[in-house]
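*Asks:* Fold the following for me, if possible:
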Amino acid sequence: MLAERRDGTVVRVGGTVAKAHPVDSVPGDLAQRLALAGHPRLRGIVLAPRATGAELGGRAVSVWPYGEPVDRRQAQAAPWEAAAVLLARLHTVPLGEIGGPLPEMRGPAKAARAMARLGALPDSEDARTVRAAWRMLPPWARGEQPYRGRRALCHGDWHLGQLVRHPSPDGPWLLIDVDDLGVGDPAWDLARPAMWFAAGLLPGEAWARFLAAYRAEGGPAVPPAGDPWPQLDVPARALAVQTAAIAVAKAARDGRDLDQAESELLGACARIAQLD
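*Replies:* Numbers count the residues shown, from 1 in each chain. Okay, here's the model as predicted:
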């Protein structure tokens, strides 16, 4: 068992991995995302599935080759540059070359789902802080209105856990987990490390390496030089609120206080809520 969460169950047998996708997946959109993962234009960027179209217990199942994930024990050696290059390559895939119709990137919808999960719990001061920050986001970042800005092919839920090496432990890095893949604002894929940096959870040196590699590869989410924050600000705030909502909900479920990193995220929400 590699993962057993609300958003999917993943098991491995030898060199093969099977994933049962979330029960609330829209079948047509998921089928499009899985087809995109296997598209020749995404070869060398996204890990391609071995088989799709199966179903088990009412959930769609896909089968993949196993890839070696990022070693969480080696944080200093995290492949920030390789990740940035992959995201830039994904974002610069011409949409006209991969057909259509293409699903929308699900990043804002996932943020809204995290807030709904928080709203199902008893009220608390921490929850009120997160909700106050949420209200400061524009409607598109809350998943309430369609996104009308720049459009590119996006991962939709990128973090270091979405990288594997295949076909060998020293092979090239590839993106995995296409449940949120689609067209949207490419800045959303940079928002999590940007948020970590802004909240003091990611060293500035790592953030600088990531951003420089993305720009060097021609990534369109930010200008090639100068201040990236006009493009990153709203998505980074949205990811801070989403992550804090999940943290507060988990802490309430487990009957515990927030840990240090979770408290930093809550502090970020407090600052967002005070912005004019």
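*Asks:* Starting from Ser62, give me the distance back to Leu118.
*Replies:* 30 Å (CB to CB, to the nearest Å). Quick note: C-beta positions are derived from backbone N, CA and C, even for glycine.
*Asks:* What of Leu211?
*Replies:* 32 Å.
*Asks:* What of Leu87?
*Replies:* If you go by CB to CB, the gap between Leu87 and Ser62 works out to 22 Å.
*Asks:* the more surrounded of those two?
*Replies:* Leu87 (25 against 22; other CB atoms under 10 Å).
*Asks:* Report the residue spans of this protein with pLDDT below the cut-off.
*Replies:* 75, 276 (pLDDT under 70).
*Asks:* Show me the longest helix that occurs in it.
*Replies:* helix 229-254 (DSSP state H).
*Asks:* list the helices and strands that helix packs on?
*Replies:* Where contact means 3 or more CB pairs under 8 Å, 6 or more residues apart in numbering; DSSP states H and E, helix 229-254 is packed against helix 107-119, helix 125-135, helix 187-198, helix 260-273.
*Asks:* ok, residues contacting the last one?
*Replies:* Contacts of helix 260-273 from elsewhere in the structure, counted by CB atoms under 8 Å, 6 or more residues apart in numbering, are 126, 129-130, 132-133, 135-136, 195, 198-201, 237, 240-241, 243-244, 247-248, 251, 258.
*Asks:* circling back to that earlier point, the helices and strands packed on helix 229-254 into CSV, with extra columns for mean neighbour count and distance to Glu144?
*Replies:* What follows is those, written out as CSV (neighbours: other CB atoms under 10 Å; distance: least, CB to CB, whole Å):
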stretch, mean neighbour count, distance to Glu144
helix 107-119, 20, 8
helix 125-135, 19, 11
helix 187-198, 25, 16
helix 260-273, 18, 17
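*Asks:* okay if I get those as a markdown table plus distance to Leu34?
*Replies:* A markdown table is the format used below for those (distance: least, CB to CB, whole Å):
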| stretch | distance to Leu34 |
| --- | --- |
| helix 107-119 | 18 |
| helix 125-135 | 31 |
| helix 187-198 | 19 |
| helix 260-273 | 32 |
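*Asks:* Now do the strands in the stretch 1-150 of the chain.
*Replies:* In the stretch 1-150 of the chain, the segments counted as strands under DSSP state E, counting those that start in this stretch are 3-5, 8-13, 16-20, 51-56, 59-65, 68-69.
*Asks:* any chance of the ones you listed in JSON lines, plus distance to Glu104?
*Replies:* Output for the strands of the stretch 1-150 of the chain, formatted as JSON lines (distance: least, CB to CB, whole Å):
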{"stretch": "strand 3-5", "distance to Glu104": "23"}
{"stretch": "strand 8-13", "distance to Glu104": "19"}
{"stretch": "strand 16-20", "distance to Glu104": "21"}
{"stretch": "strand 51-56", "distance to Glu104": "20"}
{"stretch": "strand 59-65", "distance to Glu104": "18"}
{"stretch": "strand 68-69", "distance to Glu104": "27"}
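*Asks:* how about those strands, which one is nearest Glu97?
*Replies:* Closest to Glu97 of the strands of the stretch 1-150 of the chain, according to CB to CB: strand 51-56, at 21.0 Å.
*Asks:* packing partners for that closest one?
*Replies:* By 3+ CB pairs under 8 Å, 6+ apart, strand 51-56 packs against helix 27-37, strand 59-65.
*Asks:* To Leu175, which of the ones you listed lies closest?
*Replies:* Of all the helices and strands packed on strand 51-56, helix 27-37 comes closest under CB to CB, at 8.9 Å.
*Asks:* Can you get me the centre-to-centre distance for that closest one and its chain?
*Replies:* 17 Å (CA atoms, centre = their mean, to the nearest Å).
*Asks:* Now do that helix: which elements does it pack against?
*Replies:* Using 3+ CB pairs under 8 Å, 6+ apart: helix 27-37 touches strand 51-56, strand 59-65.
*Asks:* Of all the residues in that helix, which ones are buried?
*Replies:* 29-30, 32-34, 36-37 (16 or more other CB atoms under 10 Å).
*Asks:* May I see those residues arranged in CSV, with distance to Leu56 as well?
*Replies:* Converted to CSV, those look like this (distance: CB to CB, whole Å):
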residue, distance to Leu56
Asp29, 19
Leu30, 14
Gln32, 21
Arg33, 18
Leu34, 15
Leu36, 22
Ala37, 19
